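Visitor: build me a model from this:
(chains A, B and C)
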Amino acid sequence: MNLFLETLIGGLLAGTMYSLVAIGFVLIYKASGVFNFAQGSILLFAALTFVTLLEQGLPFAAALAVTILILILGAILIERTVLRPLANRSPMTLFMATLGLSYVVEGAAQGLMGAQVHALDLGIEDVPIFIGDVLISQFDLVAAATAVALALVLALLFNNTRIGISLRAVADDTRAALSIGINLNRIWQIVWAVAGIVGLVAGMLWGARQGIQFSLSLVVLKALPVLIIGGFTSIGGAIVGGLIVGAAENLAETYVGPYIGGGITPWFPYFLAIAFLYIRPAGLFGERTLERV
Amino acid sequence: MNAHPRAVEAAAPILDVRGVSLSFKGVKAISDLSFSVVRGEICALIGPNGAGKSSLLNVLNGVYVPASGEIVFNGEHFRQIEPLAAARRGIARTFQNNALFKKMSVLDNVLTGLARHTRTGFLAQALRLPGARREEAELRERAEAILEFLELQPYRDLTVGNLAYGIQKRVELGRALVSAPTLLLLDEPLAGMNAHEKAEMSEFVFGINRHLGITVVLIEHDVGIVMNLSGHVVVLDYGRKIGDGTPAEVASNADVISAYLGTVH
Amino acid sequence: MTHVSQTLSSSAPLAPLTLPARRPRLALPALLLLAFVAVPLVGNDYWLGAILVPFLILSLAGLGLNLLTGYAGQTSLGSGGFMAVGAFATFGFVVHGGLPLPVAVFLAGLVTAGAGLLFGLPSDRIKGFYLMVSSLAAQFFFEWLFQKFPWFYNYGSSGTIALPRFEIFGLNAGSALGRYYVTLAVVAVLTWIAANLVRSQTGRSFMAIRDMDTAAAVIGIPVYRTKVLAFAVSSFYLGIAGALWAFVYLGSASVQSFGISRSFQVLFIIIIGGMGSISGNFIGAAFISLLPLAIDYTAQYFFAGHVDAGLLQNTQKAIFGVLIIWFLIKEPDGLARLFRNLGERLSNWPLRF
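Guide: The predicted structure is shown next:
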């Protein structure tokens, strides 16, 4: 029973990391209908920039501020050079453009800042603690708390600021939003910048745990099943989806893995996602659009 | 195209809609609708916007599933019918907003309409076995004949997405027609056309019915054209049938007049 | 010949101006003559074995993915995984089944087709982006499968699969020339078959589903069956490409040769070359094979030896990315369309000043 609980809780906590990556995805998808494959690369880029600045001797806060500034500039650049010329193209074209973008961002990140592994110390001790008689990673707890806090902040921003409300208007009906004078390009820039900052937070947490290196950009592949399960358009769905994937893959690895050779976490979430799709074709929280002819 | 022996089965219904109802998320689109279409006729569905005409066509060929009622087509009873099954039984269809394959040429679009007549397997086609080559030649011949009939030859190799709306409507008619359907459902075939194009299209529809013997059910807003073209008119309003008969009967029906004139508030 | 047809069309002023020019019938035989006779005469071992063989195999893989994505409209990121199935199945048929290599490769193609069919089954319920999850499931599942179970690589120490060099129809497939001819022959036949397929009723059904699948069902195309068929045919091609990649090009391979980056590479080939085009696969593969060479050459020429390999690799990656985006913006139909437009302009050249 203890093993089960520890596996479950460990999985749920790891799942909050997936949620963090997925939230960045959902933001962009909601605002611009772009399935942003580059989210993983942006995460890598953000974390790499941050840690490089730290290594150059900048204090923590300054490094953070400069990184955020760079992310905002990057968002503007992406909007100008990629999104704007491709406006009104099919979602598939936009997706492929973000594939190209991920190559550019990865190439730039590693070309400018090197491909070696950087250690990042956030000052969170990675020692397991006992809660009752269940062993839990302290680091995971902090990471999970951060994810929840970030989601809450985003929810508040969406519901209470003008920009948040414009963004929801755009997500709801782009044409109507345009007709009441919402600047779509500005919205895209803001959303990509926010998604970049969410990526930075996720990248810092992942990076502190396993070092900042190329493999960070591959978390995008982990986020995909999360999105499928949670739906592409719901932040709540991204969180729940992340928890489900985290818990399910940990449980499967512990209880099923040993019988079939182990190491099943790379593909298990995908099969889980397919199973979910059969039950709910648009995800748990996604809106099902009726096909009209 | 095999013409039907109209004289023999003149009064036999090819299509019988019995008590069909359809709703979207609790909103009734069609309520308890019944009517028959006689083999060989042109039956027009008219009525104000939102009367449920397009929804009805979508029920007839299986795109929508009705909540209740049944459809009898050619003696077969259906509670619901799959789009593919409808196509295979000879129900062909055009759409209100054109549902063409935009990146394909006119000829290829028309050729896709022959899917239900294709007998050879993909392997024979991939290897260009004699059977497949013969069939492909036959299919092309049929498609070319349709292009000829609808005067689409000048456009045959052009990509459909780039053509004028009126031409696209004709291509879509060709794609439906090439399958040699027994029942042709046309959703506003004249919409968005100028007077000249409308006259041309009416000619085609008339010819299809008269010379090829295909039963036609069409939706049209231009009442003048409907009265000329069709021998049978069914009037819908808010998903209910309010009139059913010859153009003359319907034109003198009080409910129909009030539905049309009464829409002006 | 072109002169006659042009005088004819210009004397019929009512015909629409945009009638596409008929392709010259001589192009294909000329191309084959070039590939089978001229290239081997001038090419050295490096060009034949290290550039042209992988180029041809990547074209074949692109062709496989293009049938599924470019023609039938179903996106896949699992090309690498299916290539792995082809390679490992070939190895299994030779090592465990004792079959001759050509038979093994063909059967491996069929096995891969079966695998593709299996992962295409969810396409009845899952569409668009959501379907990508199915191809990624295939990618990661096969990577895992062929690494975890030593039976697949015959209990070797490093997980690699290798077969002795073979001889086929008197050609020594150990030499670069032999490997070039084997690859060329397979690719030529499979390209002919694919070209037939896309011009047939099946190919039109693929495209109909890509353009609008609701309408496809209404006009009598069995949508689900056609989608699954597209998955199977596409995977057959990818399986053969994987087998060739492992045993004709590399000589020995492991799962790492067929990772997700291979899937991306194949996808880039069809984006750059042109979705829904047969020749585009070759153009895209040529582009992807030659660009790194060009970048290397440029770096050597200008900075001789001062650029480290890592930086060069990352620069190359970024350039690829920029080109992908640029193509999507400027020429969404790929280089194949660009070349065709150019060709049409050239063939009309004396008439249009």
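Visitor: shaky segments in the chain?
Guide: Picked chain A for this. Within chain A, the ranges that satisfy pLDDT under 70 run A:1, A:281-293.
Visitor: meant chain C, my bad for not saying
Guide: For chain C, residues meeting the criterion pLDDT under 70 lie at C:1-26, C:165-173, C:305, C:348-353.
Visitor: from the centroid of it, which residue is nearest?
Guide: Closest residue to the average C-alpha location of chain C: C:Gly62 at 1.9 Å, with C-alpha atoms, centre = their mean.
Visitor: ok, now which ones touch that one?
Guide: C:Gly62 makes contact with C:266, C:269-270, C:273, C:280-282, C:284-285, according to C-beta atoms under 8 Å, 6 or more residues apart in numbering or on different chains. C-beta coordinates here come from the backbone N, C-alpha and C atoms, glycine included.
Visitor: please flag which of the residues you listed sit within helices.
Guide: If you go by DSSP state H, the contacts of C:Gly62 have C:266, C:269-270, C:273, C:280-282, C:284-285 in helices.
Visitor: so what's the residue count around residue 252?
Guide: In the absence of a named chain, chain A is used. Per other C-beta atoms under 10 Å in any protein chain shown, the neighbour tally for A:Ala252 reads 19.
Visitor: look at chain C instead
Guide: A total of 14 residues lie near C:Ser252 under the criterion other C-beta under 10 Å.
Visitor: now the residue lying closest to it once chain neighbours are set aside, what are its backbone angles?
Guide: Leaving aside its chain neighbours, C:Ser252 sits nearest to C:Ala162 (3.4 Å; criterion: C-beta to C-beta, 6 or more residues apart in numbering or on different chains). With angles defined as degrees, to the nearest 10, C:Ala162 sits at phi -150, psi 150.
Visitor: check the gap between C:Ala162 and A:Ala176 for me.
Guide: Distance from C:Ala162 to A:Ala176, counting by C-beta to C-beta, to the nearest Å: 62 Å.
Visitor: more neighbours, these two?
Guide: Under the criterion of other C-beta under 10 Å, the comparison of C:Ala162 against A:Ala176 puts C:Ala162 first, with 16 against 11.
Visitor: correct me, but that one touches C:Asn154?
Guide: No: counting by C-beta atoms under 8 Å, C:Ala162 stays clear of C:Asn154, with 9.7 Å between them.
Visitor: need the per-residue pLDDT for B:Asn2.
Guide: Note for B:Asn2: predicted pLDDT of 44.
Visitor: let me fix that: B:Val110
Guide: We have a pLDDT of 97 for B:Val110.
Visitor: name the element it belongs to?
Guide: helix B:106-112 (DSSP states H and E).
Visitor: just checking, what packs against that helix?
Guide: Helices and strands touching helix B:106-112, by 3 or more C-beta pairs under 8 Å, 6 or more residues apart in numbering or on different chains; DSSP states H and E, are helix B:130-149, helix B:165-177, helix C:201-211.
Visitor: coming back round to it: and which of the ones in helices among the contacts of C:Gly62 is nearest chain B?
Guide: C:Gly280 (14.0 Å; C-beta to the nearest C-beta).
Visitor: got a list of what the closest one touches?
Guide: Here C:Gly280 is in contact with C:62, C:66, C:70, C:270, C:273-274, C:334-337 (criterion: C-beta under 8 Å, 6+ apart).
Visitor: looking at those, which is nearest chain A?
Guide: Using C-beta to the nearest C-beta, the contacts of C:Gly280 come closest to chain A at C:Ile270, 9.8 Å.
Visitor: what's the burial count for that closest one?
Guide: The burial count for C:Ile270: 29, using other C-beta under 10 Å.
Visitor: now it. Nearest residue, chain neighbours left out?
Guide: The spatial neighbour of C:Ile270 that comes closest, neighbours along the chain excluded (C-beta to C-beta, 6+ apart), is C:Asn66 at 4.8 Å.
Visitor: quick one: the following helix or strand past the helix holding B:Val110 near chain C?
Guide: Toward the C-terminus, helix B:106-112 is succeeded by helix B:122-126 as the next helix or strand (DSSP H and E). Yes: applying C-beta under 8 Å from any C-beta of the partner chain, one finds helix B:122-126 in contact with chain C at B:122, B:125-126.
Visitor: most tightly surrounded among the helices and strands packed on helix B:106-112?
Guide: Of those, the one with the most neighbours on average (mean count of other C-beta atoms under 10 Å in any protein chain shown) is helix C:201-211, at a mean of 25.
Visitor: hmm, back to that, now the residues of helix B:122-126 next to chain C: which count as buried?
Guide: Buried members of those, counted by 16 or more other C-beta atoms under 10 Å in any protein chain shown: B:122, B:125-126.
Visitor: from these, which is closest to chain A?
Guide: Nearest to chain A out of these is B:Phe122 (C-beta to the nearest C-beta; 25.0 Å).
Visitor: strands of the stretch 201-350 of chain C, start to end?
Guide: Counting by DSSP state E, counting those that start in this stretch, the segments of the stretch 201-350 of chain C that form strands are C:252-253.
Visitor: ok, for the residue of it found nearest chain B, nearest residue in space, not its chain neighbours?
Guide: Ranked by C-beta to the nearest C-beta, the top residue of the stretch 201-350 of chain C for proximity to chain B is C:Gly220, at 3.2 Å. Distance criterion C-beta to C-beta, 6+ apart; nearest residue to C:Gly220, sequence neighbours excluded, is B:Ala87 at 3.2 Å.
Visitor: and what of A:Thr52?
Guide: Leaving aside its sequence neighbours, A:Thr52 sits nearest to A:Met113 (C-beta to C-beta, 6+ apart; 4.8 Å).
Visitor: test my guess that that neighbour contacts A:Ala46.
Guide: No: A:Met113 lies out of contact with A:Ala46 (C-beta under 8 Å); the separation is 11.4 Å.
Visitor: compare those two and say which one has the larger neighbour count.
Guide: When neighbours are counted by other C-beta under 10 Å, A:Ala46 comes out ahead of the other of A:Met113 and A:Ala46, with 29 against 19.
Visitor: for the more buried one, what are its contacts?
Guide: A:Ala46 is in contact with A:67, A:71, A:196-197, A:199-200, A:203, counting by C-beta under 8 Å, 6+ apart.
Visitor: now with 10 Å?
Guide: A:Ala46 is in contact with A:67-68, A:70-71, A:74, A:105, A:109, A:196-204, A:207, A:212, A:216, counting by C-beta atoms under 10 Å, 6 or more residues apart in numbering or on different chains.
Visitor: and the stretch 1-150 of chain B, which of its residues are near chain A?
Guide: Taking C-beta under 10 Å from any C-beta of the partner chain as the contact definition, the stretch 1-150 of chain B meets chain A at B:24-25, B:54, B:57-58, B:63-64, B:93, B:95-97, B:99.
Visitor: for B:Asp244, state which of those residues is nearest.
Guide: B:Leu57 (16.8 Å; C-beta to C-beta).
Visitor: which strand or helix spans that closest one?
Guide: Going by DSSP H and E, B:Leu57 is in helix B:53-60.
Visitor: perfect, I'm done here.
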